[in-house]
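*Asks:* need a 3D model of the sequence below.
(2 chains)
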Amino acid sequence: MQHRRGWEVAVEKGIEALIRTCGISAIVFVFGIFFFVFREGSGFLFSRFNPLEFFGSIEWYPTSQSRVRYGVLALIAGTASVTALAMAIAVPFGVGAAIFISEFSGPRAKETLKVVIELLAAIPSVVWGFIALSVMNPLIMSVFNVPIGLNVLNGGIVLALMSVPIIVSIGEDALKAVPDSYREAALALGVTRWQLVYRVLLPAAKNGLLAAALLGVGRAVGETMAVLMATGHSVKIPTSVMDSVRTLTATIASELGEAPVHSDHYQVLFIIGILLFTITFVVNLTADLVVRGIRSR
Amino acid sequence: MFQATSFVRRKQSAEFVAKMVFLAMTVAMVVPLLLIVGYLFREAWPILSVDFLLTNPRNGLRAGGLWSPFLGTLYLVGISLAVATPIGVLAAVFLNEYARDNWITRVVNLAVVNLAGVPSIVHALFGLGAFVLFAGLGKSVAAASLTLAIMTLPVIIASTKEALASVPLAFREACWNVGASRWQTIRHVVLPNSVSGILTGVILQVSRAAGETAPIMFTGAVMFKAIQEGDLFAYGLFDQCMALSMHLFVITTSVPDVPKALPYGIAVVLLATVLLVNALSIVVRIRLRSRRKW
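*Replies:* Model (predicted):
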């Protein structure tokens, strides 16, 4: 038997070490992100940070001459309202489209629709923002007869269109994961497709559909450019969908450029970043656990 | 005798209604896409030309073309993928070929999922804190590309893992049985058989990286920078650059008196780039599926 040369073995060892290093890189980056965002905001967080004002006040006056106030309640309400509206539209439509693609359409239509959904997912968020400004804004102004069309409704619709693709693709996976024996058993009893969907598939796939909705929420909460351009810029708790709002992400994007590096304002923006990171972390973790729960069953 | 009973008829009409409702929901997702893309193209038509791509923006961004931002986007996408692809592919090789089912693997998988969910503006904060300030790269092409690289990494890992997993275990077993080591098997059997799948995933990230705005806004992209027209090497690694996505944002939000067709032109160039790249990846995938040997 011919033995491999020493250097070949050494090279292979080196490559495997490299693979292992890259393998854990994802962990390093997640911690890195948290560490560096935290590091930039920590000076303020440990000295002058007032959680009661931060979470409890709607007064966001980061550059006020008389008294600076950092209350993000209105920003949280802005994010929540836009996300809620987007999900109220995207979840039913996304699940409906997933059901149609997975259960009601033929193989050709299925392929075509999946490609179209994929292209919908590919449109950059800044292009959505531009559409919100230049197409939706005048449309909303004329249809609802309001002075400005940059509001919760505009942001919600744009975000819904942006998060639908992820809901459709994850939802379709969830429906596909239901064993065929379930379908066959139901069809053998003479049910129609609708009864099959309603009585068998939806209950069996409900965890996967929940995960799809959660990932949609994660996407919507973190979306920046589109909501920055679509929702207008007023820091207040919205009372109707025609109100302009400001979201957490939009606040960072619009103010970071003007806040002097390492000033209080700058550090508070990083604290908002930590808040966003935490929210999406929890949402994604939950979605992952829900999906994992299905697989282990 | 074989006439449908009223029960069956009711059942069938319920099915018909359900099907139509789901169809309508699907159409409601697809039609806006076509309408919007069509509208953008119609509005942009007067301004689209070869010169539009090959000249710098002029006159306070109100005239001229897209050369500087277009080249900037090319640089950012190219460098970020050159960094993210090797790391991502090797990480996926680790997860799919080496990792056992233990806690480290679970933590890595969890990290990948969460990295994919980090909002783009948080990536921007990270890039600013880590690359621009801590690593001392300043606002530069390098800092912005690295930020984009970390953003695209988890998706490259996920798509590569899927491509690797689609190579049947029997291929590996056959190779091991003739005495090949783990790495030899990966190098000569697993990677060649999954390379098109890996490629599809990477191509898809080109379009994602090209469209992102938030991560580059504070790490390297600027509102205006004139460069030598026609010179492909006009940007240095430590220069600031323009980018298409950022350019569209700036033009629509902070430049007054812009000719009406200009922002539409930028949006269409950005959109066309992204959709062409996506179409390319879809074509690669379909050809790959029809040629697959197993």
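*Asks:* need the contact list for B:A180.
*Replies:* B:A180 makes contact with B:H188, B:V189 under the criterion CB atoms under 8 Å, 6 or more residues apart in numbering or on different chains. C-betas here are computed from N, CA, C, even on glycine.
*Asks:* for it, helix, strand, or coil?
*Replies:* The three-state assignment at B:A180 reads coil, by DSSP: H, G, I helix; E, B strand; the rest coil.
*Asks:* give me the neighbour count for A:L248.
*Replies:* 25 (other CB atoms under 10 Å in any protein chain shown).
*Asks:* wait, A:H262
*Replies:* Neighbours of A:H262 (other CB under 10 Å): 12.
*Asks:* surely A:E172 meets A:S102?
*Replies:* Yes: using CB atoms under 8 Å, A:E172 makes contact with A:S102 at a distance of 4.9 Å.
*Asks:* more neighbours: which of those two?
*Replies:* A:E172 (26 against 21).
*Asks:* report pLDDT for the more buried one.
*Replies:* Looking at A:E172, its pLDDT stands at 91.
*Asks:* what about it, helix or strand, and which?
*Replies:* helix A:152-176 (DSSP states H and E).
*Asks:* for that helix, packing partners?
*Replies:* Applying 3 or more CB pairs under 8 Å, 6 or more residues apart in numbering or on different chains; DSSP states H and E, we find helix A:152-176 packed against helix A:73-99, helix A:107-122, helix A:125-131, helix A:137-144, helix A:206-222, helix A:225-230, helix B:6-44.
*Asks:* flag the shaky bits of chain B, pLDDT-wise.
*Replies:* B:1-2, B:292-294 (pLDDT under 70).
*Asks:* in space, not sequence, find me the middle residue of it.
*Replies:* In chain B, the centroid-proximal residue (CA atoms, centre = their mean) is B:R208; its distance is 2.2 Å.
*Asks:* can you pull the pLDDT of the residue nearest in space to the middle of chain A?
*Replies:* Chain A has A:R219 as the residue nearest its centroid, 0.9 Å off, counting by CA atoms, centre = their mean. pLDDT, A:R219: 91.
*Asks:* cool, the one 5 residues further on as well?
*Replies:* Reported pLDDT at A:T224 in the predicted model: 93.
*Asks:* correct me, but it touches A:T251?
*Replies:* No: under the contact definition of CB under 8 Å, A:T224 does not touch A:T251, with a separation of 10.0 Å.
*Asks:* who has more neighbours out of those two?
*Replies:* Of the pair A:T224 and A:T251, A:T224 is the one with more neighbours under other CB under 10 Å, namely 29 against 24.
*Asks:* report how many residues lie close to residue 232.
*Replies:* You didn't say which chain, so I picked chain A. Neighbour number of A:G232 under other CB under 10 Å is 19.
*Asks:* my question was about chain B, not that one.
*Replies:* That count, for B:L232 with other CB under 10 Å as the rule, works out to 9.
*Asks:* now it: how far from B:K225?
*Replies:* Relative to B:K225, B:L232 is positioned 16 Å away (CB to CB, to the nearest Å).
*Asks:* now swap in B:L33 and tell me
*Replies:* Distance, B:L33 to B:K225, by CB to CB: 33 Å.
*Asks:* most proximal residue of the stretch 51-200 of chain A with respect to chain B?
*Replies:* Nearest residue of the stretch 51-200 of chain A to chain B: A:P124, at 2.5 Å (CB to the nearest CB).
*Asks:* OK, contacts around that residue?
*Replies:* Here A:P124 is in contact with A:M225, B:A210, B:G211, B:E212, B:T213, B:S245, B:L270, B:L271, B:V274 (CB under 8 Å, 6+ apart).
*Asks:* rewinding a little: do I have it right that the residue nearest to the centre of chain B meets B:V155?
*Replies:* Yes: B:R208 is within contact range of B:V155, at 7.1 Å (criterion: CB under 8 Å).
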